[in-house]
Each structure stands twice: as structure tokens, then as C-alpha cells.
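K.L.:
Sequence isn't available, so here's the structure alone:
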């Protein structure tokens, strides 16, 4: 390891900088006493995978279901944002050797269960069919209604997580939960306004 | 021992490179050297343009887990500065670095006190640290807080006495309902007995059993709701132990949807076409949220009928009735869009701010709050008042603000994805997760442009707009900004419609196979250097290099600005002392823009050089003569072309010459 680093220094020195005070980390540092994660953390992170997967499927319909351009912008952002967060959730579980559920838009798939479990706010199969059947303005209206419900469910999941003893002591889980809380609160506000505009323009 | 040998080798190698020729080109390097950099933790490949990495100092032993790259509990966060010290926040506490020698920062103090994000500020002998996470403890213990409700938990502001910065003494804590994600120290020009702190908390509200009075219910059902407000803490300087919340202003109250820039272009075009057609055929239109819309037959018929009824008539509306409606249409629509009475349910608008940057010298603050950028009047520091707001459909989460030195522009950042996501990929839109630049006129902010890190990053690098400060180059708006693993970008936004990158530094990803969080949390100019808090790699210090974009004189002028302390979110007014180098910086800018004829420029340069060699009255006279000469040069009589409050072209050059005249006259006065 050290040898490798020396070679790197020799070749990269001109491109890089002075004042390196230390080299590669030599040894693991004991990490005693710090809190770890709980089953509530695992349930939250794993449950969010199916939850997000459904949001991505809903938002992914925008182009084919005649959504307005403004709605397509919103949907595209939801697809990008929640795809990245699923990747984070899967990485977090994998690195802790926990079961990584598939990103199934029908819900949270748990080992030994026949049917995916609907996490808070998730659309029922009937609601999904209703949205899938809608086109144009009706799709926009239904999408906003359902996605607000879906996002509010995510806030419920955060609240449930924080109410569990010992939960969210793990840094990434707290950060993830706080980001979901802040981002989706902001997006609910944005969608509520869009829905209000929608209702007014229908007057 | 080994590391010292390596250090020596590294230092030698760099010394050999010190003679590298300065690149005066104004062409960005192509292909962009930031693309394809080799991954690594402490050994990632680096690319730099017009900036020189002076040192990288890894985290101190208690703030790094050497077996896990970027262990989340050891994330380096924001920084504050006092004297020769950088105070670097970390999710596990605070590290204090002495950067008297920027080539070799020395650890002055590290104290473990977990609780993200450890946003830090200083004021005189006080240090303030933000705590938001659930594991933060009053006693700074590392064991976390397992109970859902506990009086051991700290969420809010920790206050320390740093009279002896090597031994910070805990004074008190001010607990808040949502904890403190970030905070902003605010000084009041009229209240010197106190310093104030604006607390922004974006995490969920905690239980009233843990902190009395906390409620996460909407204000409709609980008027004391911790939502839809910020906290103002007053810290009496003579008795900091009496620090307390003195106000929770509801700065979002009655926030109606502002006209927002950035509707989908197709929507705007379609609406404009439909409105034009409707108007041409006698239809009714009105402006809603900045877009002209056509009003439907139901709207028109219903209201025309009402007008007929109101005058006691019947039957078909007359031309006068139509005219009455036409005159009042906009008012009616405004009432519908912004009804005076509250609708049921929680009020719309953000429930919190992410960060607030105050600029006490101009009495304004920029609040980055949920889906909005707010302009606050902070002349009464304890009672900030919202005076303006913008929204933007390309902005996801308004994160922070920076004013230009004149206070005529404000730059907001969008931390789309919270900083842990890779939002600078080739596939990510340039207007998403970017900066948005607005001009300010009174209480009105007008969108000008977006600025986003121009180099694409890999999917394994978290990247989005983050924290930065102005670089104090007189006469220009230059900013340095951290973009997490996108590195550091320095850009010129003097022309707010056309921001342009002029220097950068970047490293390869932490890992080439997966996303491991790292990068520049914040990059701030402090007394001649750029200091960057690297999440996983420690503390980076940079020096600007002269280039085709920035002259040595401009850099030297920037180095004249000296801060006793700096909190980036408490923006100081930049003031330059009378100096030859400042005058030369302006001359360099005029040379760059061809703002002064080459002959006049050369004459001014040699007059300045001559005057510098003189002293006393002789120097004064030489400078006064130069000032007079330049003054006549500046009276070119070109038309004053002002676009969005910005002088353009020749007018801007003449304004610059006038600034130069003032600088030379100040120098003359100083020589008296």
C-alpha cells in the first residue's frame, strides 16, 4: 500500500499539491460505545424502497398519459430524485448485510410474505389502475391528488421511525429521514399549489 | 515517521513544480480535466485550473474512521474563522486548526461532541454549534440517546466560551423544537449589547414531553406550532448564559405564490399564444402567477350576469357591462388567486428555512426556505420581516444565499437531493441543483440566470450547489463555491445574466464502483486563501493563481481585505484600503474590457508607478493630477445604458473609471 502511494506521489506530484501531512490511513480505529442501528431503521429504509418505486412508476407515466409540460417537469424530477434515493437505501442495507427488497411498485416485499405490503400513503391497486387509465388534464389532477397522498405517507413513515426507541441514531438514516421530510414537505406544498391552480382554472 | 518521509518527498516534488508557467489564457482547458479522474480516498487524482492546492490536512485521529471511507459520523461540515483559526464542524464535534502557516495547518484543538450537523459560528469569545440529530447529547457523550423522549438530548444551539480556544468552556444550550440544521449569527448595528442567532431547523418537530411547548401540528389547530416559523435567539454579550429564544417570527405568513420563473417553456408559449388569440377576438385575459391566461366562458358569463343584476337590469349585458368587467378582471382574478380569507387546512408555503444569510450592512437577509427564496428586512434584528419572495419551478429545495457586495444581486443555491446524491451527471439538467442569480431592486428580485458546475461528474460522486463566499476582488462579483465531490468552482457573476467559471479544483470520486459521500462542504475565502472543508479528506487550503481572468494585482487587492473573524452566513461588507494595488486592479479590469484607450491606460500605469516612488506632498500632487486626468477620461458622454439595474458596456467602463478616480483620489488624500 505504501509503495503504491509513493509511486502515485512521484507521478502525480506536479498535478497536485504541497503540504501532504499524512498518507493513507494506516489502521482501523476502535469505535467503541457509539450507537448502531435498529430494526425500525431497517424497516424504514427497506420500506422506502417499495414506496419510492411506486412514486417512480406513477411519475413515469407522465409522458405517455398526456401530462402537461409543467407536470412532466415535476414528474421527471421525482423520477430522478427517488431513483437515487432507492440506490442509497439499497446500498445502506447491502453494506449492513440486511435483506435488500426489490424496488417493487406494488409495495414493500418482505421475505415469507405472499403479497407486497402497502407502506403509508401508497396507492392501492385500484387507485393505480384509476391513474393509469386517466389521460391529459384528468391525469394531472389525479396525479397531484395521489402524489400528495403518497408524499404524506412518507412523512408518516418518518414520524413512525422517529417514534421508535433508539431509531435514527445512525447518521445516514437520520439524514435520509430528515431529507425525505424536508424535500417531500416542500414538494407537497408545490403540488398543493398546482392542484389549487388546477381547481381555479376549472372554475 | 514514514509519513514525514513521504511529506518531504511530496514537498520536494511540488517545489520542483513551482516554476510552472502561469496560464494567461481565457480558454477553459479542453477536454475538461475533471472528467475521468482516478478514484481514491487520500490518493484520488486531482485537476486544477487557475488555483493551487497549498495543503491538504486529513482529519485528526478522533474524527476519522480509517477502516471506513467517509464514516457518516465523522463527516466534516461547515466552517467559521477567528484570527488564525479555522473552526471546522464535524458530525462528531469540532476541530480547531491554526492556519498561520497555510502550508501546514496545525491541529489546535479537537473536541468530541456528536450531533450533526455541527454548523459553527463565532462572535468575539463565543462559539455557537448547531445540533439537529437525535443522537446529540447535552453532555457531548458518544453513546447517543436511545429513548424517544429524553432530557439528555440536545437539539438546538450549544454555546461555548472560547476565550482560551484550546479549552472551550461550555456555557449553555438553547434547545429548539426542530433542532438546528443551520444557524446564522446576526449583529445589530443599533444593539451592541446583544448578538442574535437565527435558527433554521428542517428536521421533524420533537415531542412536547421532551421540550415543553413543541408542536408539529398545523398552526390552525395549534397556534404555537413549531412549523412555519424560524427561531431568533438573543445572546446578551455580558451574560451569554442567559441566551434564550426571544422571537419565533412567522416570516412565511400569508406567503402567496410569487410569480415564478421557469414554467415549462411549452406552457409559457402555449399560454401566450392562446392569450393573444383571445384578446384579438374580444376575450378576457388576466395575469395569474406571472402568466397571462384566458378566462373561460363560465367566468365571463357569471360575472357579466352579476354586473347586469347589480345595476338592476335584465337580459343581455351591454357594452358598458363588458367594459366594467374588463376593467375589473385583474382585480377579480387576484382575489381568487389570493383570497383574503384563509382556506381550510394548513397555510401553504414552507414550514422552515434551510439557511439564512444576513447582510447587516444593507439591512437585508436572503432566506432559503423550502420552495422559496425570501428577501427579509432585518434592520430590526429580532423581528425579521419578509419583504420579497421568489419561487422557481426548476428549484427543488432552496438552500442558501449570497449577496454581491453592492447588495444589488443575490445568488440562491438549490441543494436538490440534500447533498448526498449525484446531481451533476451528464444526464442532470444544468438548471437543476444549480445556483440562481437574481438582481435586487427595492424588494423585487428578478431572475437573471442559472449557474451550475460545468464539468459532468460520475454517478459515484455526490454533487450539487453548496456553500461559498465572495472573493474580495474590487469592482467584480467573484465567488468561490463548494460542490461536494464536484469540487470547487470559482466563477464571475459580475454580469448576472452570464456567469462564467474562471477557476476550479476537483478530485476523482472516493470510489469508482459506488457512491461514497465526500467533497467540499463549503469553500470560503479567508484573509488571502480559500479554505475548503472536505467531508472525508479533511481541510484543503488553496491559493488563487493569476490568469487571463484574474490579474496578480486583483489577487493582491483581494488579499488586502482582512477579517478579524468570519461567519460566511453573516456577510461582511467588503471595504478596500486606499492602495496602489487596488488602483492597478481597476486598471487591469479596464484593460481586459478595453474600457480605456491603450495609450491612456499605459499613461495611467506609469503615472501610478511614478507616484508610488514619491512620498509626501509630491506623491499627493502626482496622484491628484492623475485623478484629474482620469476624471476627464471618464467624461466620454456615452449614453447610460442600464439593463436590470446593471450598467452595460461603455457605461460600465465609464463607471469603472470613476471608481478608479475615487481610488486614486483616496490614495492622494492618504499621501497628504
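P.N.:
Yep, it's here. Because the structure is predicted, anything quoted here is derived from the model rather than measured.

K.L.:
When you work out contacts or count neighbours from here on, use the C-alpha atoms and nothing else.
P.N.:
Fine.

K.L.:
Residue B:230 is in contact with residue B:251, correct?
P.N.:
Yes. Assessed by CA atoms under 8 Å, residue B:251 is found in contact with residue B:230 at 7.5 Å.

K.L.:
Most proximal residue of chain A with respect to chain B?
P.N.:
residue A:166 (3.9 Å; CA to the nearest CA).

K.L.:
Quick check: phi and psi at that residue.
P.N.:
Note on residue A:166: backbone dihedrals following degrees, to the nearest 10 are phi 80, psi 0.

K.L.:
So the nearest residue to it once chain neighbours are set aside, which state does it fall into?
P.N.:
Distances taken as CA to CA, 6 or more residues apart in numbering or on different chains put residue B:146 closest to residue A:166, at 3.9 Å, once the chain neighbours are dropped. Using DSSP: H, G, I helix; E, B strand; the rest coil, the structure places residue B:146 in coil.

K.L.:
how many neighbours does residue B:146 have?
P.N.:
As a burial measure, residue B:146 scores 17 neighbours (other CA atoms under 10 Å in any protein chain shown).

K.L.:
quick one, what contacts it?
P.N.:
Residue B:146 makes contact with A:165, A:166, A:167, A:169, B:135 under the criterion CA atoms under 8 Å, 6 or more residues apart in numbering or on different chains.

K.L.:
Show me which of those is closest to residue A:46.
P.N.:
Nearest to residue A:46 among these: residue A:167, at 14.2 Å, using CA to CA.

K.L.:
Please give me every residue in contact with the closest one.
P.N.:
Neighbouring residues of residue A:167 by CA under 8 Å, 6+ apart: A:37, A:38, A:40, A:41, A:161, B:146, B:148.

K.L.:
Just give the number of residues close to residue B:73.
P.N.:
Around residue B:73 there are 21 other residues, counting by other CA under 10 Å.

K.L.:
before we move on, what about the one 4 residues further on?
P.N.:
Residues lying near residue B:77 (other CA under 10 Å) number 24.

K.L.:
Check which helix or strand it maps to.
P.N.:
Using DSSP states H and E, residue B:77 maps to strand B:76-82.

K.L.:
quick one: average confidence on that strand?
P.N.:
Along strand B:76-82, the predicted confidence averages to a pLDDT of 97.

K.L.:
try stretch B:460-480
P.N.:
Mean per-residue pLDDT for stretch B:460-480: 97.

K.L.:
And residue A:174, its phi and psi?
P.N.:
According to degrees, to the nearest 10, residue A:174 has phi -60, psi -40.

K.L.:
OK, contacts around it?
P.N.:
A:168, B:133, B:134.

K.L.:
give me every residue that touches the closest residue to residue A:120 other than its chain neighbours.
P.N.:
Leaving aside its chain neighbours, residue A:120 sits nearest to residue A:153 (4.4 Å; criterion: CA to CA, 6+ apart). Contacts for residue A:153 (CA under 8 Å, 6+ apart) come out as A:119, A:120, A:121, A:122.

K.L.:
now with 7 Å?
P.N.:
A:120, A:121, A:122 (CA atoms under 7 Å, 6 or more residues apart in numbering or on different chains).

K.L.:
which element is the second one on?
P.N.:
Secondary structure assigned from DSSP H and E places residue A:121 in neither a helix nor a strand.

K.L.:
The contacts of residue A:174 into CSV, with extra columns for neighbour count?
P.N.:
Shown next, in CSV, are the contacts of residue A:174 (neighbours: other CA atoms under 10 Å in any protein chain shown):
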residue, neighbour count
A:168, 31
B:133, 30
B:134, 28
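
K.L.:
now these as TSV including secondary structure and distance to residue B:487?
P.N.:
Shown next, in TSV, are the contacts of residue A:174 (DSSP: H, G, I helix; E, B strand; the rest coil; distance: CA to CA, whole Å):
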residue	secondary structure	distance to residue B:487
A:168	coil	29
B:133	coil	26
B:134	coil	30
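
K.L.:
for the residues you listed, which one is nearest residue A:46?
P.N.:
Proximity of the contacts of residue A:174 to residue A:46 (CA to CA) peaks at residue A:168, which lies at 13.8 Å.

K.L.:
So what's the residue count around residue B:235?
P.N.:
So residue B:235, with other CA under 10 Å, has 22 neighbours.

K.L.:
mind giving me the domain ranges of chain B?
P.N.:
Taking automatic domain parsing as the domain assignment, the ranges for chain B are B:43-256+B:348-566, B:265-337, B:580-671.

K.L.:
Output those in a markdown table, with distance to residue A:181 appended to each entry.
P.N.:
Shown next, in a markdown table, are these (distance: least, CA to CA, whole Å):
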| stretch | distance to residue A:181 |
| --- | --- |
| domain B:43-256+B:348-566 | 7 |
| domain B:265-337 | 27 |
| domain B:580-671 | 37 |
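
K.L.:
tell me, which of the ones you listed is the model least confident about?
P.N.:
domain B:265-337 (a mean of 81).

K.L.:
May I have the phi/psi pair for whatever residue of the stretch 1-150 of chain B ends up closest to chain A?
P.N.:
Nearest residue of the stretch 1-150 of chain B to chain A (CA to the nearest CA) works out as residue B:146 at 3.9 Å. Here is the backbone geometry of residue B:146 (degrees, to the nearest 10): phi -80, psi -30.

K.L.:
can you tell me how far the most centrally placed residue in chain A sits from residue A:122?
P.N.:
Closest residue to the average C-alpha location of chain A: residue A:85 at 3.5 Å, with CA atoms, centre = their mean. For residue A:85, the distance to residue A:122 (CA to CA, to the nearest Å) stands at 17 Å.
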